[in-house]
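Visitor: Structure for the following, please:
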Amino acid sequence: MSGELCLSPVGLSVTTKLAPDAFSAQTMSLWLLSDACAQGINAKLTPLFSANTEISYFGYVGGASVLLGLVIFFISPMIHRHMRGLN
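Guide: Alright, predicted model coming up:
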């Protein structure tokens, strides 16, 4: 919950900065839709957690987070080029 409170304002700010003027509402909607999809995935994963499976549960969730972080790290130069000098 606190992670979402820290990430949401930054994501919305970047979305409004990077979106073309004609598509600002659509990109804001897409940002909120991605948050809803993430919460839906979380709702499907939560029943898999129990005291017997907590090590593998957090291992898979942590591994997926690290893997996605590495993917974003390696494509960040391409993203930065598409930002066209916005800071």
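Visitor: Distance-wise, check Leu68 relative to Ile55.
Guide: Leu68 sits 21 Å away from Ile55, going by Cβ to Cβ, to the nearest Å. All C-beta spots, glycine's among them, are computed from the backbone N, C-alpha and C.
Visitor: Please disregard the earlier target; I meant Ala38.
Guide: 23 Å.
Visitor: cool, Met83 as well?
Guide: 40 Å.
Visitor: neighbour-wise, which of those two wins?
Guide: Taking Met83 and Ile55 together and counting by other Cβ atoms under 10 Å, Met83 has the greater number of neighbours (11 against 8).
Visitor: Chain neighbours aside, what residue packs nearest to the more buried one?
Guide: Counting by Cβ to Cβ, 6 or more residues apart in numbering, Leu18 is the residue found nearest to Met83 once chain neighbours are left out, at 6.4 Å.
Visitor: Model confidence for the one you found, exactly?
Guide: Each residue has a pLDDT score; the one for Leu18 is 82.
Visitor: Distance check, it against Ile72.
Guide: In terms of Cβ to Cβ, Leu18 sits 15 Å off from Ile72.
Visitor: The two: which has the busier surroundings?
Guide: Applying other Cβ under 10 Å to Leu18 and Ile72 shows that Leu18 carries more neighbours, namely 14 against 10.
Visitor: By residue count, which helix of the chain is the longest?
Guide: The longest helix of the chain (DSSP state H) is helix 54-82.
Visitor: Low-confidence ranges, the chain, go.
Guide: 1, 85-87 (pLDDT under 70).
Visitor: Which parts of it belong to which domain?
Guide: As given by automatic domain parsing, the domain ranges for the chain are 1-48, 51-87.
Visitor: what about the residue lying farthest from the centre of the chain, which helix or strand?
Guide: Computed with Cα atoms, centre = their mean, the maximum C-alpha offset from the centroid of the chain is found at Asn52, amounting to 28.5 Å. Following DSSP states H and E, one finds Asn52 outside all helices and strands.
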